[in-house]
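Undergrad: curious how this folds, go ahead:
(2 chains)
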Number of protein chains: 2
Amino acid sequence: MNFHPEVDTAVALAYDAAGSWAASDGACRAALLDGLAEALGSDRAALVALADSETHLGAARLNGELGRTIFQLRGFAEVVLEGVPYRTVIDEAVAGLPPAGHPAMALARVPLGPVAMFSASNFPFAFSVLGGDTSSALAAGCPVIVKGHPAHPRLSAAVAELARQVLVTQGLPEGLIGHVNQDSYESGIALVTHPVIQAVSFTGSLGGGKALAAAIQSRAQPIPFYGELGSVNPIVVMPKALEGKVNECAKVLAVSMTQGAGQFCTSPGLVVLLDSEPAKQLVDELGRQVDQIALHPMLSDRIQHGFEAGVSALSSSAEVQVKTARGAKEGATKGFVGVTTAFAFLNNEGLRHEVFGSSCLCIMASSVKEIAQVLRAIGGSLTVTLWGVDSESEENRLILRAAQNLAGRVLFKGVPTGVAVTRAQHHGGPWPSSTQPLFTSVGYAAIDRFLRPVVLQDAPDWVLDRKGIPV
Amino acid sequence: MNFHPEVDTAVALAYDAAGSWAASDGACRAALLDGLAEALGSDRAALVALADSETHLGAARLNGELGRTIFQLRGFAEVVLEGVPYRTVIDEAVAGLPPAGHPAMALARVPLGPVAMFSASNFPFAFSVLGGDTSSALAAGCPVIVKGHPAHPRLSAAVAELARQVLVTQGLPEGLIGHVNQDSYESGIALVTHPVIQAVSFTGSLGGGKALAAAIQSRAQPIPFYGELGSVNPIVVMPKALEGKVNECAKVLAVSMTQGAGQFCTSPGLVVLLDSEPAKQLVDELGRQVDQIALHPMLSDRIQHGFEAGVSALSSSAEVQVKTARGAKEGATKGFVGVTTAFAFLNNEGLRHEVFGSSCLCIMASSVKEIAQVLRAIGGSLTVTLWGVDSESEENRLILRAAQNLAGRVLFKGVPTGVAVTRAQHHGGPWPSSTQPLFTSVGYAAIDRFLRPVVLQDAPDWVLDRKGIPV
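TA: Numbering: from 1, shown residues only, chains lettered A, B, ... in the order given. Prediction:
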C-alpha cells in the first residue's frame, strides 16, 4: 500500500460515507442527483467559460456537453426512483429433494463500495467530476473519489466545490464525492491500490490504462477495473452508399473526424472501402474537405505530440498515399487523410495503431472478404459503422458478423461521434475499447458496473421487507 | 503465443464451429443441450462407476451430482427456448436535438466466441466436461474447449466421447465441445493465451487461478476470466440459535463440514460465535461429532497434502486449542476442529488461510462488533451463513451488512453446502471466491458471462427481423 495523505483523507471520508449511502432509498439518491444537476445548471455560464479557457473546445460544444451532463444526472435520478438498483429476482421455495427442490432465494444487489474515478481530458463535463461514471456510481449507492484531469484542474476544482455545497445543503456526508486534483502518477496508483477502493473507472490512454490494470491486479484483492483505453471506430463504406453521394459522404466524414479536433473516443480513424472509381473519388474529396477545416488547439501538449507523431509515422510510410495538403509546420491545426491497401494494412502492424486526433486512414480492399479480414485485424472498437448494407445478402451478413465481433455499437446510418444516453445504449467493446466488454460506460445500464448480486437464502421477513434496499 | 499441437487442433475446430453456432436459434441449441442430458442419463451406471473409481466420492453422491448435471442441461435448454440469450432492449428513435433526441437503438447480445473451460477436481460431473460452465456457454452460443482434470481423466474422456457422439448424431460440428486431457501446466497456458479463445472459466486453487489470470492479462488482447479460487464460508452462530439446540447445531455443522471429505467450495471452514457457555459447549460437541466420522480418501495426493499441511499449521499454533482427537497418523481420514479467539484471528494472518478439506476453525468473539470485524478481515467468500438473526436489531443489521459485503450468498438457515440451480442463484463473491464478482457460475444467470452486449443503431429491417439472433 502506498501512503499518500491527500488520497488517504479522501478515501477515509468515502469509507465513512459508504454504509449509510448503500442503505439509502431511491428518494434520497434521486434528490442528490437532481440537486447536482440543478447546481450545474445554475452556474452554467461561469463553468462553460472556465472549461473553454482550459480546453479550447469552444462554448457551443461545451454548452452541449454540460447540457448532456445535466440530462444524465436527471436520467439516473429517474432510474433510481423506478427502483432499478433495488430490483430483486425471487425464487419461491420448492419442496422436494434437489435438484428440483430448493430453499427460498431472493437475489438482490449491493453497491460495491467506494469507487475511484479518473476524469477524461476530452470530456471536461460528461466524463469528469459529475459525469457518467460519478452519476452511475452514486445512483448505484457507491461513494466516488474523482481524480481530476490535469488538462482542466480549475474546472475540476470548481465542479467539486459545487458538489460539496450540494452535499452540505442536503445534509449528506462530504465523503460521497471526493476529489483529488494532484497531477501525479503516484497519487493515481495510491488511489487504485487503496484497500478500501472497490472499483475503478478510467477513460484515457492505452498506456495509462495498462499501468492502472497492472497496479489493480497486484492488489491483495483485485477489484473490477472499468477502463476505456482507445478505439479506431472504422466506417465501412459499401458501393451502394456511394451511388450519387460521393461528395455528401465525404462531407459527413470530414465533419465527424475533425469535430473537437478529433478528440472523441468515437472519432472515425479508419474508412474501409471496396476499391473502385467512386471509392477513389471519396478519398480524394475527403482530403480536400479536411484541408479546408481549421482545427482548434488540442487539449494538451502531450496529446498534440502524440497526434503529430502518429500522423508523421503514417505520412512517411511507403505504403500510405497522403491525401491532405498539410505540411510539417501545420502541427495539429490541420487534419490528416491517407490511403493504403487492405494488403498493406493486414501485413503492417504499424498502420493499425490508433492516432488520437483528426487522422483518418482509408483502406482499399479488393473484395468483401478482405473487408472482413481488415475488421478482424483490428483490436476491439467502441463502434463500427456500416454504410450501404440496407438489404440482406451473404456479403452484408459477412460484414455485419465481423463488425459485431469487433465492437459494442454497430451503426447503419450516420457517424459514430455523438453517443446517446438511453436505456439500450452500449459504449464499450472488446479490449482495448473496454477492459470489461460486458458493461457499458454510457447509458443507464452503466449503473450495473457498481452493483454486485447477493442472493439471500431463506431470509427472514425483516430482510425481505427492505425490498432490495441493502441494510 | 505458445505452440501446442493438441490445443491448437481443438481451438481450430472451435473457431470453425463458432460462426454457425453463434447464429443458431433456440430450438437448435436446446436440442443439443437436451441431447447431452439424454446421453448422460442413458450411461448413468457406467459413468458413476467410472467416476467413483477415480474420485472415491461414493455412488450416492455421484448419482446425485449426475442428476443435477442432467437437470442443469435441461434447465439451460428451457432458458434458451424462452429466448434469454436473444433478449433485446429497444429504444425507439426520438426526434429532436440531443441529449433528449436520439436515433433508434436495439440492444442485443452476441456470444463471446470459443471458451476455455477448466474442469474441477471436486465435481467430476457438475463442474467438469458437461457441467455448468459448458452448458451455460453452449446456451449462450459459444463453443467450449474443456481441459479435463487430472483427478478424473478417464471419466473426462468418456464424457467427451459421449458428447462427440451427440454432436455427430445431430449433424453439428465436433468443434462445439472440444476436449484436452493433458495433465500439463503448459497446455493450460497455451489454451488461455490462444488468440482465438475469448473467455476462460476455472474452478480450482488460488495459485492455479493466479497463474491463469497473469497469463490472460499478458495477452495482446486480455479476455474475461471467470475464476473461482477459494472460499472459507463462515457460519455466524448468534446466541438465539443455540437456545436449547447446542447438540443439534453441532450435528448439522459436523455433517456439513465432513460431507465429501470437506471437498466442497462451500464447505464451512469457520464458525464465529459470541463467547459464552453454550458456545463453548457447541465447539466441544462439534469436535466430538467430527471425531466419530470417518472420511473417504481425498481426490488427489496434492489435495491431501494441502489439507494435512493446513491442519498441521493450525494444530501447532499456540493460539489454537484443538477440539478433535485426531493424531498425526490420521492423515486425511479424520476431520479437524479447533478454536481460537477473535483477537488472535484478527492479528494472525496465518489463521485466515483456507484449508481445503474437513477443517473448521471456531472463533470466539467478545462482542457483536468483533464478529463484524472478523467478517471484514476475511477475503471474499462464496457464502456467509447467519444463524439466529431472525428479528431486526441494530446488532443483526451490523452482521448482515458485514456478511453482504463479503459474500455472494447469505443464508439464514441450513448450511452452505448444496447450491440450488435456479434463476435467483448467485455463486460468486469478492476475490478470491470469484475473479468476476458481478457474475455467477451456478444458476441460469451463468449464461450472462458469455454474452456481450452490442447495440444496433438505426438497423435495417433485415437485421431487426432476426429478433436478437446474431447473424
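Undergrad: tell me if the longest helix seen in chain A is near chain B.
TA: When chain A is scanned for its longest helix (criterion: DSSP state H), the result is helix A:59-81. Yes. Among the residues of helix A:59-81, A:64, A:67-68, A:71-72 lie within reach of chain B under Cβ under 8 Å from any Cβ of the partner chain. Every residue, glycine included, has its C-beta placed from N, CA and C.
Undergrad: same question for stretch A:415-431.
TA: Yes. Using Cβ under 8 Å from any Cβ, stretch A:415-431 reaches chain B at A:418, A:420-426, A:429-431.
Undergrad: most neighbours among those residues, please name it.
TA: Highest neighbour count within the residues of stretch A:415-431 next to chain B: A:H426, with 34 neighbours (other Cβ atoms under 10 Å in any protein chain shown).
Undergrad: pretty sure that one is touching A:A407, no?
TA: No. Counting by Cβ atoms under 8 Å, A:H426 does not reach A:A407; the two are 9.3 Å apart.
Undergrad: can you map out the strands along the stretch 101-250 of chain A?
TA: Using DSSP state E, counting those that start in this stretch, the strands of the stretch 101-250 of chain A run over residues A:105-111, A:115-118, A:144-147, A:177-180, A:199-203, A:225-228, A:234-237.
Undergrad: before we move on, the earlier item: can you flag the buried ones in the residues of helix A:59-81 next to chain B?
TA: In those, burial by neighbour count holds for A:64, A:67-68, A:71-72, counting by 16 or more other Cβ atoms under 10 Å in any protein chain shown.
Undergrad: now for those: which two are most distant?
TA: Pairwise distances across those (Cβ to Cβ) peak at 12.5 Å, for the pair A:G64 and A:Q72.
Undergrad: how many neighbours does A:A95 have?
TA: 7.
Undergrad: kindly report the same for A:G132.
TA: 30.
Undergrad: contacts only, for it.
TA: A:72, A:126, A:421, A:441-442, A:446 (Cβ atoms under 8 Å, 6 or more residues apart in numbering or on different chains).
Undergrad: nearest to A:I177, out of those residues: which one, please.
TA: Among these, and counting by Cβ to Cβ, the member closest to A:I177 is A:Q72, at 15.3 Å.
Undergrad: distance between the ends of stretch A:119-131?
TA: When the termini of stretch A:119-131 are compared using Cα to Cα, to the nearest Å, they are 8 Å apart.
Undergrad: other residues contacting that stretch?
TA: A:36, A:40, A:47, A:51, A:54-55, A:57, A:62, A:65-66, A:68-69, A:72-73, A:132-133, A:146-149, A:151-152, A:155-156, A:159-160, A:163, A:177, A:179, A:203-204, A:260, A:263-265, A:299-300, A:303.
Undergrad: go with 7 Å
TA: Applying Cβ atoms under 7 Å, 6 or more residues apart in numbering or on different chains, the contact partners of stretch A:119-131 are A:36, A:40, A:51, A:55, A:65-66, A:68-69, A:73, A:132-133, A:146-149, A:151-152, A:155-156, A:159-160, A:163, A:179, A:203-204, A:263-264, A:299-300, A:303.
Undergrad: deepest of the strands of the stretch 101-250 of chain A, which one?
TA: Comparing those by mean neighbour count (mean count of other Cβ atoms under 10 Å in any protein chain shown), strand A:115-118 comes out on top with a mean of 29.
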